[in-house]
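Novice: Can you look at this prediction? I've put the sequence above it.
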Amino acid sequence: MMGKVKKVTSNHLFLPLFALALLLVFNAFATPGFFAIEFQNGQFYGRIIDILNRASILVILSMGMTFVIATGGIDISQGSVIAISGAICCSLIGGAGDGTANMPLLPACLIAVLVCALCGVWNGFQAEDPAHGGHTDPADRRTRHRHADYQGAECHRVL
């Protein structure tokens with residue numbers, strides 16, 4: 001029995017799922033009607049539906065970040081490029097702020113993606129390493145910098 005418990009609790013998904021379950025149980029008792037879902041005018045309404053609607057944007061952004069990280073292109077400019085994309089899209093759609101759309105959604109999103117692709121190209125040129133024949137693998141570049149830092153630390157210890 002203890003072996004099964006240890007197997008379940010040692011899983012990397014146990015703690016996040018346990019925290020989510022704890023949060024849901026707390027909200028079930030603390031907030032009346034937390035799990036209530038209504039269907040009106042062809043749409044679902046309720047607190048859970050609102051949470052899922054707001055979380056969908058974060059899920060899409062995190063999937064994009066996961067693809068970037070999975071391909072080895074880890075850098076700190078991703079968040080700023082995502083923010084630029086959102087700002088461009090929002091300003092093209094409703095730049096006046098009066099609630100009327102200035103541009104349709106699809107062209108605004110395409111323009112935002114193109115501008116951010118240009119930002120990515122610019123960041124790519126900034127990451128080139130001419131001393132090693134042009135663009136290098138980001139992991140290789142990080143390893144060289146860590147090695148140089150380690151060598152510098154060793155030099156200071158010897159002196």
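Specialist: Alright, I've got the coordinates.

Novice: Lowest-scoring secondary structure element of this protein by mean pLDDT?
Specialist: Using mean pLDDT, DSSP states H and E, helix 138-158 stands out as the lowest-scoring helix or strand of the chain, at a mean of 48.

Novice: Go ahead and flag the most central residue of the protein.
Specialist: What sits nearest the mean C-alpha location of the chain, by C-alpha atoms, centre = their mean, is Ser62, with 3.1 Å.

Novice: contacting residues around that residue?
Specialist: Taking C-beta atoms under 8 Å, 6 or more residues apart in numbering as the definition of contact, Ser62 has no neighbours. No exception for glycine: its C-beta is placed from N, CA and C like everyone else's.

Novice: now it: how far from Ala55?
Specialist: Noted for Ser62: a distance of 10 Å to Ala55, by C-beta to C-beta, to the nearest Å.

Novice: what do you get for Gly124?
Specialist: Taking C-beta to C-beta, one finds Gly124 at 31 Å from Ala55.

Novice: ditto for Ser10
Specialist: For Ser10, the distance to Ala55 - C-beta to C-beta - is 27 Å.

Novice: where do the helices sit along the protein?
Specialist: 2-9, 14-30, 47-70, 78-94, 105-126, 138-158 (DSSP state H).

Novice: mean pLDDT lowest for which of the ones you listed?
Specialist: Ranked by mean pLDDT, the helices of the chain end with helix 138-158 in last place, scoring a mean of 48.

Novice: So Phe14 sits against Lys6, correct?
Specialist: No. Using C-beta atoms under 8 Å, Phe14 is not in contact with Lys6; the gap is 10.5 Å.

Novice: Give the closest residue to Phe14 in space, chain neighbours not counted.
Specialist: Nearest non-adjacent residue to Phe14, counting by C-beta to C-beta, 6 or more residues apart in numbering: Val8, 6.1 Å away.

Novice: Tally up the residues packed near the one you found, please.
Specialist: 11 (other C-beta atoms under 10 Å).

Novice: from memory it sits against Leu17, does it?
Specialist: No. Using C-beta under 8 Å, Val8 is not in contact with Leu17, being 10.1 Å away.

Novice: now stretch 3-22, how far from the chain's geometric center?
Specialist: 24 Å (C-alpha atoms, centre = their mean, to the nearest Å).
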